[in-house]
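> Here you go, sequence then predicted model.
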Amino acid sequence: GQQVMQIPQYQHVQEGEDFTTYCNSSTTLSNIQWYKQRPGGHPVFLIQLVKSGEVKKQKRLTFQFGEAKKNSSLHITATQTTDVGTYFCAEYVKTSYDKVIFGPGTSLSVIP
Amino acid sequence: DAGVIQSPRHEVTEMGQEVTLRCKPISGHNSLFWYRQTMMRGLELLIYFNNNVPIDDSGMPEDRFSAKMPNASFSTLKIQPSEPRDSAVYFCASSFGLWGRDDSTDTQYFGPGTRLTVL
């Protein structure tokens, strides 16, 4: 069935270092969304990517959709302690029913 | 807007008891989603509604789980009887439309979740 892979599962970085998480799908995606969940909190929408090769930026966050629309990445430049949390990609799958599948997430720890 | 409202925030119950989780979506949103989150299985979609109608309940683990949406402003997720393996955080989310239209961003807004512990 449909699977979404995310790597790495965990990442510990020193404050100020960069961070990247990758999302890979077994099939071509129509679009992909990224969410952030702070410890003890709930997922919060960050962005949606639709077009092949699309790159979007939000301050220190850069999101990219692969040319083949099978993978995506989130890159954080110069991490801060406020970046701590789990980052999920989520893909929309259209089969007999519309379905949303979340990746397992990448947990980011930032050491001050 | 208060966002998605869930109650209770925490629930501790004993195995075999009935548990009812409640959700009030954001006013004007047409889609409502129930998720379960555990360390082992991550974030799983249980069921979602569009215009109060269940669209896909293939994620509901078994017959002990049931969900209803009697009107646009209220939904329940019921577990009867509850088991220890049901312990998880249950999130409700709502969105304006059904995700999938390339020209739209049908953002899902999550509630704070209900942390369920079944002893």
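Structure received. Computed from a predicted structure; not experimentally measured. Numbering: from 1, shown residues only, chains lettered A, B, ... in the order given.

> use CA for all of it now, contacts and neighbours both
Will do.

> Which stretches in chain B count as helices?
For chain B, helices defined by DSSP state H do not occur.

> Flag the shaky bits of it, pLDDT-wise.
B:1, B:98-105 (pLDDT under 70).

> can you give me the strands in it?
Ranges of strands in chain B, per DSSP state E, are B:5-7, B:10-13, B:19-24, B:31-38, B:42-50, B:53-56, B:65-71, B:74-79, B:88-95, B:109-110, B:114-118.

> Quickly check: the longest one near chain A or not.
Yes. Counting by Cα under 8 Å from any Cα of the partner chain, chain A has neighbours in strand B:42-50: B:42, B:43, B:44, B:45.

> Any chance of CSV for the strands of chain B, columns mean neighbour count?
Shown next, in CSV, are these (neighbours: other Cα atoms under 10 Å in any protein chain shown):
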stretch, mean neighbour count
strand B:5-7, 20
strand B:10-13, 14
strand B:19-24, 21
strand B:31-38, 23
strand B:42-50, 22
strand B:53-56, 16
strand B:65-71, 16
strand B:74-79, 19
strand B:88-95, 26
strand B:109-110, 24
strand B:114-118, 19
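
> any chance of these in JSON lines, plus distance to residue A:73?
Converted to JSON lines, these look like this (distance: least, Cα to Cα, whole Å):
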{"stretch": "strand B:5-7", "distance to residue A:73": "31"}
{"stretch": "strand B:10-13", "distance to residue A:73": "34"}
{"stretch": "strand B:19-24", "distance to residue A:73": "32"}
{"stretch": "strand B:31-38", "distance to residue A:73": "23"}
{"stretch": "strand B:42-50", "distance to residue A:73": "19"}
{"stretch": "strand B:53-56", "distance to residue A:73": "29"}
{"stretch": "strand B:65-71", "distance to residue A:73": "35"}
{"stretch": "strand B:74-79", "distance to residue A:73": "34"}
{"stretch": "strand B:88-95", "distance to residue A:73": "24"}
{"stretch": "strand B:109-110", "distance to residue A:73": "22"}
{"stretch": "strand B:114-118", "distance to residue A:73": "30"}
